[in-house]
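[1] quick one, fold the following:
(chains A and B)
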There are 2 protein chains.
Amino acid sequence: MEIVILLFDNVNALDVVGPCEVLSKMPNTVIKYASKTPGPKQTDIGIKLIADYSLEGISKPDILLIPGGIGVKPITEDREVLDWIIDKHKTSTWTASVCTGAMLLAIAGILKGLKATTHWVRLPCLEDFGAKPQRKRVVVDGKVITSAGVSAGIDMALTLANLIAGETTAKAIQLGIEYDPAPPFDAGSPDKAPKKILDLVLRKLEERK
Amino acid sequence: MEIVILLFDNVNALDVVGPCEVLSKMPNTVIKYASKTPGPKQTDIGIKLIADYSLEGISKPDILLIPGGIGVKPITEDREVLDWIIDKHKTSTWTASVCTGAMLLAIAGILKGLKATTHWVRLPCLEDFGAKPQRKRVVVDGKVITSAGVSAGIDMALTLANLIAGETTAKAIQLGIEYDPAPPFDAGSPDKAPKKILDLVLRKLEERK
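    As a prediction, this is how the structure comes out:
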């Protein structure tokens, strides 16, 4: 099973690493990190991730995974990358996104008529491209699986591992990475966070633009 | 505030990226990725992470973070790296570990007499180095904060962000990365996973050695 992740500058590092930590543990799996220009890609946390493959170096991945991050913006106008996404999606068994990676699927026309999710700040924007936004952590519609912001990629990948490799494997992966989450606060979604926290995050995200 | 993460070949990628996704969002923070030999480091998920700094290039980090992974093994006998950890710990405000990174702190003598945790498979081994193993996700003892396996680094970092930058900032970070975890199964700890899953993971980890 070949999994291909699209990398680009200013990709969100956890969007990439979270799901791969899960998916790489499925049996007979190879992950390829591909980018328009292979080489080191800057991330939001300062560490550079290396893309080993060019887009042309990828033929027909079984799973296509599109991460998010502030680096998504320039790609929304990059016809070459968007056409590559459309082409790989044609033959993929699963097409997946984490966080604002869903915006690239949406702009590529892949989410038209589908239920989908993305980072809560961007959720209403999915509708502009004919998708049906869902306030959910993970959404499966046909062969397209989308997830909410950043850390939700781990839950998405476990859902996918269950669909592909079955419950025993998915649970073993979960135990292997000791994914028994216990955040010290219950402020991880816009429904749960206090209003002042919500406003603070919206202000910070606005500043980052 | 300077945060330094030790990188090495076959480091666990999520051990590095999970906490950094949280800690990098604290105000006035810089993260440095350091290694005995700077350059690309292989990870368990096939992606290479780039270490920009040599060990000598690091003076007095405020936070020293040691990740885990199968690459920990060779470092347990690497006096140069162990001495570096001891030296940086002397002046750090916080010394932290994720997963089996705690084994390096233990061997360096840092956990002697302290409560600490690590990946559940390795937890009993902490005792060999005078630590008091705790079946907990995150353990704070003095200025040393240790976490359970792999994904627990995210919870550890949120705990640390709260201690350093306060509750409002920690909650805003949690909301920013939409960390409202919802794993599809409840099998993420040895207490919760069925016996057959536990045996499967132990067998897999044994094969990887």
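
[2] ok, how many other residues are close to A:K32?
    16 (other Cβ atoms under 10 Å in any protein chain shown). C-betas here are computed from N, CA, C, even on glycine.

[3] tell me if it really is in a strand.
    Yes - the assignment for A:K32 by DSSP: H, G, I helix; E, B strand; the rest coil puts it in a strand.

[4] any idea what it is bridged to?
    Assessed by DSSP bridges, A:K32 has beta-bridge partners A:V4.

[5] surely it and A:P61 touch.
    Yes - between A:K32 and A:P61 there is a contact at 7.3 Å, judged by Cβ atoms under 8 Å.

[6] return every residue with contacts to both of the two.
    Here A:K32 and A:P61 have A:2-4 as joint contacts, going by Cβ atoms under 8 Å, 6 or more residues apart in numbering or on different chains.

[7] can you list the residues you listed in JSON lines and add neighbour count and pLDDT?
    Shown next, in JSON lines, are the shared contacts of A:K32 and A:P61 (neighbours: other Cβ atoms under 10 Å in any protein chain shown; pLDDT from 0 to 100):
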{"residue": "A:E2", "neighbour count": "17", "pLDDT": "98"}
{"residue": "A:I3", "neighbour count": "25", "pLDDT": "98"}
{"residue": "A:V4", "neighbour count": "23", "pLDDT": "98"}
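
[8] and those, which is closest to B:D186?
    A:I3 (25.8 Å; Cβ to Cβ).

[9] contacting residues around the closest one?
    Listed by Cβ under 8 Å, 6+ apart, the contact set of A:I3 reads A:20, A:23-24, A:29-32, A:61-63, A:65.

[10] give me the subset of these lying in strands.
    A:30-32, A:63, A:65 (DSSP state E).

[11] make TSV out of those residues and add pLDDT.
    As requested, the ones in strands among the contacts of A:I3 are exported to TSV (pLDDT from 0 to 100):
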residue	pLDDT
A:V30	97
A:I31	98
A:K32	98
A:I63	98
A:L65	98
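
[12] pick out whichever of those sits closest to A:I45.
    A:I45 lies nearest to A:L65 out of the ones in strands among the contacts of A:I3, by Cβ to Cβ, at 18.8 Å.

[13] state the distance from the closest one to A:V81.
    A:L65 is 14 Å from A:V81, where distance means Cβ to Cβ, to the nearest Å.

[14] same deal with A:F8?
    When distance is defined by Cβ to Cβ, A:F8 is 8 Å away from A:V81.

[15] pull the helix or strand with minimum mean pLDDT from chain A.
    The weakest-scoring helix or strand in chain A, judged by mean pLDDT, DSSP states H and E, is helix A:195-208 (a mean of 89).

[16] show me which residues of the helix or strand where A:D15 lies are buried.
    According to DSSP states H and E, A:D15 maps onto helix A:13-23. Buried positions in helix A:13-23, judged by neighbour count with 16 or more other Cβ atoms under 10 Å in any protein chain shown: A:13-23.

[17] again with stretch A:72-88
    By neighbour count on 16+ other Cβ under 10 Å, the buried set for stretch A:72-88 is A:72, A:75, A:81-82, A:84-85, A:88.

[18] which residues are contacting that stretch?
    In contact with stretch A:72-88 (Cβ under 8 Å, 6+ apart) are residues A:4, A:6, A:8, A:36, A:55, A:58, A:60-61, A:64, A:66, A:95, A:100-101, A:103-105, A:107-110.

[19] what about it, distance to the chain center?
    Taking the mean of its C-alpha atoms, stretch A:72-88 sits 15 Å from the chain's own mean (Cα atoms, centre = their mean, to the nearest Å).

[20] re the thing from before, save the buried residues of stretch A:72-88 as JSON lines, and put in secondary structure too.
    Shown next, in JSON lines, are the buried residues of stretch A:72-88 (three-state DSSP):
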{"residue": "A:V72", "secondary structure": "helix"}
{"residue": "A:I75", "secondary structure": "helix"}
{"residue": "A:V81", "secondary structure": "helix"}
{"residue": "A:L82", "secondary structure": "helix"}
{"residue": "A:W84", "secondary structure": "helix"}
{"residue": "A:I85", "secondary structure": "helix"}
{"residue": "A:K88", "secondary structure": "helix"}
